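1. Build the 3D model from these lines:
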Amino acid sequence: SPSRRTGMIKSAFRPSDDPTTFPFNIPSNWFAVTELRRLNATLTEMGGKEMREAAAEAASIAEDVARGIEAFGSAANPANASEKILVYETDGFGNTLFMDDANAPSVLSIPYLSPEGAQSPIFAASRAFSLSPSNPFHFRGKVGSGVGGPHVGMGWIWPLSIIYSLFYAEASDAEILRGLDLLRESTAGTNCMHETFWKDDAANFTRAWFAWANSVFGELIMHLIDTRPHLILR
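-> All right, here's what the predicted structure looks like:
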């Protein structure tokens, strides 16, 4: 779709492989800012003229993208016009898409992929939107609630969304324990994370072995051992 120059990076596809509605995916751009700044630090440490020039270029692109996010990456919450939240996609002309998808980069995964993005004053409200019925891909059923996406379809919850939501430093112990219980139930006795599970029946799932979800779940447990050992080592 048409777009204006914003300083951000365009994408024709989302992390889920579904086509974008508008070309600037905000979570992906937050991830790019973080990685470009890390690249700048690595290249600077390596030293040498070429490395310093490449580091400066990475830093310049990161700042362009960050300014674009600041200028175009948020808008009034459709569920509460008194507050601003991150949009999922935009075209820079004022057209925006409010939603979140389970696949990362996503709004929910920002604390995992881009901790500095989670420090944004509007992140808490953006996260709350993602975990509410206002997000068209947030589903609730007999098993529990979580975020899915158009890739598999309505009513299918992705364990990835639950896992990423638990990396948030401001999540309460109670929320984390509820999330871990739901993740255990979502395995339906297989001891593996799946791609998705049906909101009303955890035994109805897609992909019996989904390496992405299994790997990030392992990272989550290690993260919680470091940050909240009282929840895991008991």
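
2. List the buried residues in the host helix or strand of residue 223.
-> With elements delineated by DSSP states H and E, residue 223 resides in helix 211-227, which encompasses its position. Applying a neighbour-count criterion of 16 or more other C-beta atoms under 10 Å, the buried positions in helix 211-227 are 212-213, 216-217, 220, 224. Quick note: C-beta positions are derived from backbone N, CA and C, even for glycine.

3. Let me have those residues in a markdown table, extended by pLDDT and distance to residue 83.
-> Supplementary listing: the buried residues of helix 211-227 in a markdown table, determined by pLDDT from 0 to 100; distance: C-beta to C-beta, whole Å:
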| residue | pLDDT | distance to residue 83 |
| --- | --- | --- |
| 212 | 96 | 32 |
| 213 | 97 | 31 |
| 216 | 98 | 29 |
| 217 | 98 | 32 |
| 220 | 98 | 29 |
| 224 | 98 | 30 |
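
4. now, which of the residues you listed sits nearest residue 165?
-> Of all the buried residues of helix 211-227, the one sitting nearest residue 165 is residue 220; the distance, using C-beta to C-beta, is 9.9 Å.

5. Verify the stated contact: that closest one with residue 166.
-> Yes. Counting by C-beta atoms under 8 Å, residue 220 sits close enough to residue 166 to count as a contact (5.8 Å).

6. Please save the CA atoms from the worst-scoring helix or strand of the chain on mean pLDDT in CSV.
-> For the chain, scoring each helix and strand by mean pLDDT, DSSP states H and E identifies helix 115-118 as the least confident one, at a mean of 81. Once non-C-alpha atoms are left out, helix 115-118 reads as follows in CSV (Å, rounded to 0.1, in the frame of the first residue of the first chain):
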residue,chain,number,x,y,z
PRO,A,115,13.8,-4.0,26.6
GLU,A,116,14.2,-0.3,25.9
GLY,A,117,10.9,-0.3,24.0
ALA,A,118,9.2,-1.7,27.2
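
7. Can you show me the CA trace of the very next helix or strand once past it as PDB?
-> Tracing the chain past helix 115-118, the next element assigned as helix or strand by DSSP H and E is helix 123-130. Coordinates of each C-alpha in helix 123-130 appear next as PDB, following Å, rounded to 0.1, in the frame of the first residue of the first chain:
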ATOM      1  CA  PHE A 123       4.000   0.400  26.600                       C
ATOM      2  CA  ALA A 124       1.900  -0.600  29.700                       C
ATOM      3  CA  ALA A 125      -1.300   0.600  28.000                       C
ATOM      4  CA  SER A 126      -0.200  -1.000  24.700                       C
ATOM      5  CA  ARG A 127       0.300  -4.400  26.400                       C
ATOM      6  CA  ALA A 128      -3.000  -4.100  28.200                       C
ATOM      7  CA  PHE A 129      -4.700  -3.500  24.800                       C
ATOM      8  CA  SER A 130      -3.000  -6.600  23.400                       C
END
